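A.B. asks: kindly return the folded structure for what I paste below:
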Amino acid sequence: MLKTLNNLKKRFRTLASQKKTHNYNNNKLIMDLNFNKNEDHNKLLLSDLKQRFAKVKLGGGEKRIQKLHSEGKMTARERIDYLLDENENAIEIGAFVGDGMYAEHGGCPSGGVVVKLGYIKGKQCVVVANDATVKAGAWFPITAKKNLRAQEIAIENRLPIIYLVDSAGVYLPMQDEIFPDKEHFGRIFRNNAIMSSMGITQISAVMGSCVAGGAYLPIMSDEALIVDKTGSIFLAGSYLVKAAIGETIDNETLGGATTHCEISGVTDYKAKDDKDALDTIKNIVSKIGDYDKAGFNRIKPEKPALNENEIFGILPKSRAEQYDMHEIIKRLVDNSELDEYKAGYGQSIITAYARIDGWAVGIVANQRKVVKSKKGEMQFGGVIYSDSADKATRFIANCNQKKIPLVFVHDVTGFMVGSKSEHGGIIKDGAKMVNAVSNSVVPKFTVVVGNSYGAGNYAMCGKAYDPRLIFAWPSAELAVMGGAQAAKVLLQIEESSMKARGEEITPEKEEELFNKIKARYDEQVSPYYAASRLWTDAIIDPLETRTWISMGIEAANHAPIEKQFNLGVIQV
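C.D. replies: Purely as a prediction, here's the structure:
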């Protein structure tokens, strides 16, 4: 016992000598071993994120990158990096799309396409570049979904969109999953036409293959460039032409740069190489006129007064552990200042006005600390109660009236259940909140920092509720319910089936089944599972949260609000 005490004293002296103290909980200096454990855990998650991203950035692999370079071509990421302004922020949409999918087809890193929101000559733009190192840039089902997401961002925010085309077209072994439906390949061209009618600038550069139906994308853009010798556009390549009509012709003569710039008139500019094409795009974008603004409020940005790095120690290692969400928010907002709305009411949700990078925002966040009302009633952390849903509904309406963008911060396990909640009308109050989120006309941004379960995901503006951007921290989990709870429910169903078959269930068998079910379910609640399917736009370093929200509001400021906020019919 004495030895243990001496070891603990030694440990504390070591920590004190390192001056590893942290400023939180009402600015009291606290040395907390639990803080250090949380910090270690969350930084390991961040390290894993960076390692995964480094692998994703290689696309189809180093050999295919070398092959592109030998052909005088740049990779998709190199093209985007050259096009975007240096020393300006840029965020990548869907880096982990396709992660773990299509293994039987060799995989599809980043969905075979790279999408970034950044600046070209000071103008915010969406850039979409096919990755020719992944199946020659062929379109998988998830590729179409990601391209449609890029177009959705451009449409919602009235942003110019640049397409860097280098694609062999539809991936034929999966054509039935990408060709005919409403949100398949053809929707891309429909969106081209819609954006053109809206006056949204679209510029395409054909920097490699552009085949069959894919040939329409650049030509439905406002302006199209083609790179000499490496770019080509045709509805059918030379082999298919030979098979179909017996004509013998090479691809360059059929649909190369000279053909389309001097004979067909299909393209508007001929570029000598990739950089020349990208320089031409820069020059075109630099001459685009100014835009009508939505008029969201912004003042001079200020950094948080509290240390942002402390987020890693405050956010618990265990998703079931309680913590004060105020302390996370204070490290995300300017000067760490909040103007909290109805602070003493409905305390399982925090509603507050603040600023992020100078922009005025309304924050709706789940409180993960157990709180006690003045009536003496306990509210469990991460659960939405009737009073908190009512408060959030009122706050969302206020932000719409004041034209203040909304930021939803998720760590939610769902709505409160049980007879007391049902008799108190939890479904009615939850429906009011969902109604307000659905009908909100100000831009919404969603940050998943922890749990995002069940109807709580919906009420807190999950993907189905049209957030302008939705992104997750490495600590996030998205599912109908947590892994342990789901495994218990599924185990009961499995045990009932086994009993009906007359099978004996030993404690060992029950434990084996539980662990097997939980492992499968845990894989599905991972933020990478969600990101691979584009349920979120990205998994990010928590310290990048301010950048994502600020760039998102700047993008939204390009699109004046045209509708009035109206809740419609609700149960009161």
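
A.B. asks: now the chain, which segments are flagged as low pLDDT?
C.D. replies: Counting by pLDDT under 70, the chain has low-confidence residues at 1-31, 213, 374, 483, 571-572.

A.B. asks: what's the longest helix in this structure?
C.D. replies: Longest helix of the chain, by residue count under DSSP state H: helix 33-56.

A.B. asks: that one: how far from the chain's middle?
C.D. replies: Average the C-alpha atoms of helix 33-56, do the same for its chain, and the two points are 19 Å apart (CA atoms, centre = their mean, to the nearest Å).

A.B. asks: the helices in the stretch 51-200 of the chain, which residues?
C.D. replies: With helices called from DSSP state H, counting those that start in this stretch, the stretch 51-200 of the chain shows them at 62-70, 76-83, 141-157, 185-198.

A.B. asks: of all these, which one is nearest residue 96?
C.D. replies: Among these, the nearest to residue 96 by CB to CB is helix 141-157 (10.7 Å). Yep, even glycine has a C-beta here, placed from its N, CA and C like the rest.

A.B. asks: relative to helix 185-198, how tilted is that closest one?
C.D. replies: Between the direction of helix 141-157 and that of helix 185-198, the angle (axes from the mean of the first three to the mean of the last three CA atoms, to 10 degrees) works out to 10 degrees.

A.B. asks: which parts of helix 141-157 are buried?
C.D. replies: 141-151, 153-157 (16 or more other CB atoms under 10 Å).

A.B. asks: using CSV, list the CA coordinates for it.
C.D. replies: Coordinates of the C-alpha atoms in helix 141-157 are reproduced here as CSV (Å, rounded to 0.1, in the frame of the first residue of the first chain):
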residue,chain,number,x,y,z
PRO,A,141,-22.3,4.1,-57.8
ILE,A,142,-20.7,6.0,-54.9
THR,A,143,-18.9,8.2,-57.5
ALA,A,144,-22.2,9.5,-58.8
LYS,A,145,-23.4,10.2,-55.3
LYS,A,146,-20.3,12.2,-54.5
ASN,A,147,-20.5,14.2,-57.7
LEU,A,148,-24.2,15.0,-57.0
ARG,A,149,-23.2,16.1,-53.5
ALA,A,150,-20.6,18.5,-55.0
GLN,A,151,-23.3,19.9,-57.4
GLU,A,152,-25.7,20.2,-54.5
ILE,A,153,-23.2,22.3,-52.6
ALA,A,154,-22.7,24.5,-55.6
ILE,A,155,-26.5,24.9,-56.2
GLU,A,156,-27.4,25.6,-52.5
ASN,A,157,-24.6,28.2,-52.2
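
A.B. asks: pull the distance from that helix to the chain's centre.
C.D. replies: Helix 141-157 sits 12 Å away from the centroid of its parent chain (CA atoms, centre = their mean).

A.B. asks: before we move on, what about stretch 327-334?
C.D. replies: Relative to its parent chain, stretch 327-334 has a centroid offset of 20 Å by CA atoms, centre = their mean.

A.B. asks: mind checking the end-to-end distance for that stretch?
C.D. replies: Between the opening and closing residues of stretch 327-334 we find a distance of 13 Å, counting by CA to CA, to the nearest Å.

A.B. asks: what of stretch 90-103?
C.D. replies: First residue to last in stretch 90-103 (CA to CA) measures 30 Å.

A.B. asks: start the count at 4 instead of 1 going forward.
C.D. replies: All right, first residue 4 from here; so that's stretch 93-106.

A.B. asks: contacts only, for the nearest residue to residue 190 once chain neighbours are set aside.
C.D. replies: Counting by CB to CB, 6 or more residues apart in numbering, the nearest residue to residue 190 once its immediate chain neighbours are dropped is residue 151, at 5.9 Å. Residues near residue 151 by CB atoms under 8 Å, 6 or more residues apart in numbering: 186, 190, 191, 194.

A.B. asks: re earlier: quick one, which of the helices of the stretch 54-203 of the chain is nearest to residue 100?
C.D. replies: Within the helices of the stretch 54-203 of the chain, the stretch nearest residue 100 is helix 144-160; the backing value is 5.0 Å (CB to CB).

A.B. asks: and residue 373, what does it touch?
C.D. replies: Contacts of residue 373 were listed using CB under 8 Å, 6+ apart, and they are 325, 381, 382, 383, 384.

A.B. asks: so of these, which ones are in strands?
C.D. replies: With DSSP state E as the criterion, strands contain 381, 382 from among the contacts of residue 373.

A.B. asks: got a quick PyMOL command for the buried subset of the contacts of residue 373?
C.D. replies: Here is the PyMOL selection string for the buried members of those, based on 16+ other CB under 10 Å:
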select buried, resi 382+384
